[in-house]
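A.B. asks: Quick check, what structure comes out for this input:
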Amino acid sequence: LGSTGIDERYADNWQGSLQAGVPRRGAYHYVITGVSALMQVANILDVTGGDFGTEPFTLDVERTNAERLAMAGGWVFPKTSYTAILLEMVSRLSRQVRVRIYTNKTEWQMMTTQPSWAAQYPLWVAGYPADPNHQTYRPTVPAPWAAWSVWQYSSKGSVPGITGKPFCSANRRTA
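C.D. replies: From the prediction side, this is the model:
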């Protein structure tokens with residue numbers, strides 16, 4: 001649903017993917033540093049109207065470019081408060097929809113206290129090999145997960161019914 005707001009094409013693309021017959025549809029939301037879990041969950045429910053599709057709702061754990069720059073300048077990321085926001089969000093959302101966490105090892109380590117409770121939620125891990133068809137490459141799985149359920153190996157995918165300049169990932173699943 002966006003890192004700084006709502007994807008302006010969300011409603012059109014959500015409807016377009018339905019009309020195109022995309023079998024696995026789901027939405028995601030960047031967990032925003034310093035914004036309460038209650039406000040973020042209210043935004044999610046408002047935008048989706050409770051229609052989460054067939055996939056687990058994905059909470060995206062990644063720093064913004066501004067946060068990366070601030071950290072390079074010495075700012076210390078508030079891991080404890082961010083982890084508390086994430087826990088409250090998964091707790092609230094899990095009452096209504098299956099939840100999964102999207103991240104990679106570096107982002108997870110930089111942004112969270114690496115809580116053991118996260119292992120109960122499926123992991124969608126990002127890892128970009130030079131050759132995505134290379135069969136021996138395996139993305140690095142952050143603690144506390146033992147394995148991933150979805151692996152994003154490229155950010156240059158396309159999806160029927162999605163228009164404009166959206167971020168579409170190319171993924172592999174464990175099953």
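
A.B. asks: Quick check: the gap between Leu93 and Ala147.
C.D. replies: Separation of Leu93 from Ala147 (C-beta to C-beta, to the nearest Å): 22 Å. C-beta: built from backbone N, CA, C; applies to glycine.

A.B. asks: Those two - which one has more neighbours?
C.D. replies: Comparing Leu93 with Ala147 by other C-beta atoms under 10 Å, the one with more neighbours is Leu93, at 21 against 11.

A.B. asks: which ones are touching the most centrally placed residue in the chain?
C.D. replies: When C-alpha atoms, centre = their mean is applied to the chain, the residue found nearest the centroid is Asp60 (2.6 Å). Each residue near Asp60 by C-beta atoms under 8 Å, 6 or more residues apart in numbering is listed here: Ser3, Tyr28, His29, Tyr30, Val31, Tyr102, Thr103.

A.B. asks: Just give me the closest of those to Trp151.
C.D. replies: Within those, distances to Trp151 taken as C-beta to C-beta reach their minimum at Tyr102, with 10.7 Å.

A.B. asks: got the phi/psi numbers for that closest one?
C.D. replies: Phi and psi for Tyr102, reported as degrees, to the nearest 10, are phi -110, psi 130.

A.B. asks: Please name the bridge partners of it.
C.D. replies: Beta-bridge pairing of Tyr102, defined through DSSP bridges, involves Asp60, Trp124.

A.B. asks: how close does it get to Ala20?
C.D. replies: Note on Tyr102: its distance to Ala20, by C-beta to C-beta, is 23 Å.

A.B. asks: So between the two, which is more surrounded?
C.D. replies: Tyr102 (22 against 12).

A.B. asks: Spit out the contact partners of that one.
C.D. replies: With contact taken as C-beta under 8 Å, 6+ apart, Tyr102 is in contact with Tyr28, Thr58, Leu59, Asp60, Val61, Glu62, Leu123, Trp124, Val125, Ala126, Gln152.

A.B. asks: Please repeat the previous calculation with a cut-off of 10 Å.
C.D. replies: Contacts of Tyr102 were listed using C-beta atoms under 10 Å, 6 or more residues apart in numbering, and they are 28-31, 58-62, 122-126, 150, 152, 169.

A.B. asks: ok, now Leu86?
C.D. replies: Counting by C-beta under 10 Å, 6+ apart, Leu86 has contacts 31, 37, 40, 59, 61, 101, 111-113, 115, 117-118, 121.
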